[in-house]
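Peer 1: Please find the sequence and the predicted model below.
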Amino acid sequence: MHDERRRRRSEDLTTALRYQLEASAARADLALLVLTDDEGNVLAQAGIDGEIDVEAFGLALPSVVGRPDDFPALPRETQLTVKAFPASGRAYVLGALGEGDVAAEVLVAMRGARRILS
């Protein structure tokens, strides 16, 4: 896994963030992983979930930090994890949909995104 990470580096911020999210989404088999600014503007995304409008999902994330049960109806087996974090004096939000241990991989993705954004 470390070899893949080292092969997939980019000096371009958007590409680097996408690579980080793609690696996390693949490791945890997440349906969707989205990084937004504090206003809900999507900065990067990974995963494929044709039933979710990614832009609308991103816009809703800042309003449900700490309250994921307030998110509109999701399939019963799907977990939503939403975490806010600072980087370089700005606030960001990371949201994930999946089954299983979604929260653990969101923390990994958050650390990687913070490193890239700093």
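Peer 2: Nice, thanks for sending it over. Numbers count the residues shown, from 1 in each chain.

Peer 1: Report the mean confidence score over stretch 47-60.
Peer 2: The pLDDT scores in stretch 47-60 average 83.

Peer 1: buried residues in it?
Peer 2: Within stretch 47-60, the residues scored as buried using 16 or more other Cβ atoms under 10 Å are Gly47, Asp49, Ile52, Phe57, Gly58, Ala60. Heads up, the C-betas are built off the backbone N, CA and C, glycines and all.

Peer 1: partners of whatever helix or strand Val93 lives in in the sheet?
Peer 2: Following DSSP states H and E, one finds Val93 within strand 90-98. If you go by DSSP bridges, strand 90-98 pairs up with strand 32-37 (antiparallel), strand 79-87 (antiparallel).

Peer 1: Just the residues contacting whichever helix or strand comes after it, thanks.
Peer 2: Where DSSP H and E defines the elements, the next helix or strand beyond strand 90-98 is helix 102-117. Outside helix 102-117, the residues that touch it by Cβ atoms under 8 Å, 6 or more residues apart in numbering are 13, 16-17, 20-21, 23-25, 27-28, 30, 33, 35, 44, 79-81, 83, 85-88, 90, 92, 94, 96, 98.

Peer 1: Report the angle between helix 102-117 and strand 90-98.
Peer 2: Here helix 102-117 runs at an angle of 150 degrees relative to strand 90-98 (axes from the mean of the first three to the mean of the last three Cα atoms, to 10 degrees).

Peer 1: mind checking which helix or strand of this protein has the lowest mean pLDDT?
Peer 2: helix 2-7 (a mean of 50; mean pLDDT, DSSP states H and E).
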